[in-house]
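Participant: whatever this is, show me its structure:
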Amino acid sequence: MITIRKAEERGHFDHGWLDTYHTFSFADYYDADFMGFRALRVINDDRVEPGRGFGTHGHRDMEIVTYVIEGALAHRDSMGTGSIIHPGEVQRMSAGTGVMHSEMNASLEAPVRLLQIWILPERRGITPGYEQKLFPEEERRGKLRLVAAQDAREGAVKIHQDVALYASLLNGEPVTHEFAANRYGWLQVARGEVEINGQKLKEGDGAAIANEPSVTISGSGAEILLFDLS
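Facilitator: Numbers count the residues shown, from 1 in each chain. Next comes the predicted model:
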């Protein structure tokens, strides 16, 4: 069964410096029907104005994955990490016992668009950690590239939960993913339009996947994230 979460039905707030859409309940947005999906807790589609961003704030007991779609995002945290995240890079920050960080648009001229993803960790009290890796366009074009996994296989960033996250740039050829027994999926369309098992999705749409042995996703000029969840 594939259940579509339409882009226009998400929570939406325009704060001037931040235009944000919430797939699941977050901050001042509450929807009892969308509190998350399996271990997936947050998918925020954020557009941040030049020179603006999220000032220093704290998190605990959450796996936070940042995926930049356009522009560049500057990161600083209490672990001493300072970096800039570009499209094609995946950042994983384990908040664990507690971390302070800030996320700012690295440009004074162009906006940045990103997906901020929160995943519930396998246990509380993990030692905070940070990881950032580049997954070149050629590794994601026309294929599902594993970018985050519990065992960090295939060069993926390590995530402290039984979740596998794939990224793909669709070029017209379909991609297929098979689910093991008792596994679930979530598809998030970052850009463009796609079909999943014959159902059409547009930019910003999500899809919960349950009791499907496999999914075939097609599209041209589209960018997607696919979660394989326990």
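Participant: from residue 6, how far off is residue 203?
Facilitator: 11 Å (C-beta to C-beta, to the nearest Å). Quick note: C-beta positions are derived from backbone N, CA and C, even for glycine.
Participant: of these two, who's got more company?
Facilitator: residue 203 (15 against 12; other C-beta atoms under 10 Å).
Participant: for that one, give me its contacts.
Facilitator: Shown in contact with residue 203 (C-beta atoms under 8 Å, 6 or more residues apart in numbering): 7, 189-193.
Participant: tell me where the chain has helices.
Facilitator: Assignment of helices within the chain using DSSP state H yields the ranges 137-140.
Participant: quick one: low-confidence parts of this structure?
Facilitator: Counting by pLDDT under 70, the chain contains no low-confidence range.
Participant: mind running it again at 90?
Facilitator: 55-56, 58, 77-82, 101 (pLDDT under 90).
Participant: for the residue nearest the centre of it, which non-adjacent residue is closest in space?
Facilitator: The residue lying closest to the centre of the chain (C-alpha atoms, centre = their mean) is residue 117, at 4.3 Å. Once flanking residues are discounted, residue 117 sits nearest to residue 65: 4.2 Å by C-beta to C-beta, 6 or more residues apart in numbering.
Participant: who are the contact partners of that neighbour?
Facilitator: By C-beta under 8 Å, 6+ apart, the residues touching residue 65 are 90-92, 116-119, 148, 157, 159, 165.
Participant: could you do residue 225 as well?
Facilitator: 67, 115, 117, 165-167, 187-188, 190 are the contacts of residue 225 under C-beta under 8 Å, 6+ apart.
Participant: I'd guessed residue 29 sits against residue 13; true?
Facilitator: Yes: with contact defined as C-beta atoms under 8 Å, residue 29 reaches residue 13; the gap is 7.2 Å.
Participant: which neighbours do the two share?
Facilitator: With contacts taken as C-beta under 8 Å, 6+ apart, residue 29 and residue 13 have residue 22 as neighbours in common.
Participant: what about those two, which has more around it?
Facilitator: For residue 29 versus residue 13, neighbours defined as other C-beta under 10 Å are more numerous around residue 29 (17 against 14).
Participant: ok, the more buried one - contacts?
Facilitator: Per C-beta under 8 Å, 6+ apart, neighbours of residue 29: 11, 13, 22.
Participant: leaving out the residues flanking it, which one is nearest to the second one?
Facilitator: This means residue 13. Using C-beta to C-beta, 6+ apart, the nearest residue to residue 13 is residue 20, at 5.4 Å.
Participant: partners of that neighbour in the sheet?
Facilitator: Residues in a beta bridge with residue 20, per DSSP bridges, are residue 13, residue 46.
Participant: was I right to think it contacts residue 45?
Facilitator: Yes: between residue 20 and residue 45 there is a contact under C-beta under 8 Å: 6.8 Å.
Participant: which residues touch residue 72?
Facilitator: Contacts of residue 72 (C-beta under 8 Å, 6+ apart): 84-86, 105-107, 112.
Participant: repeat that for 6 Å
Facilitator: Counting by C-beta atoms under 6 Å, 6 or more residues apart in numbering, residue 72 makes contact with 84, 86, 106.
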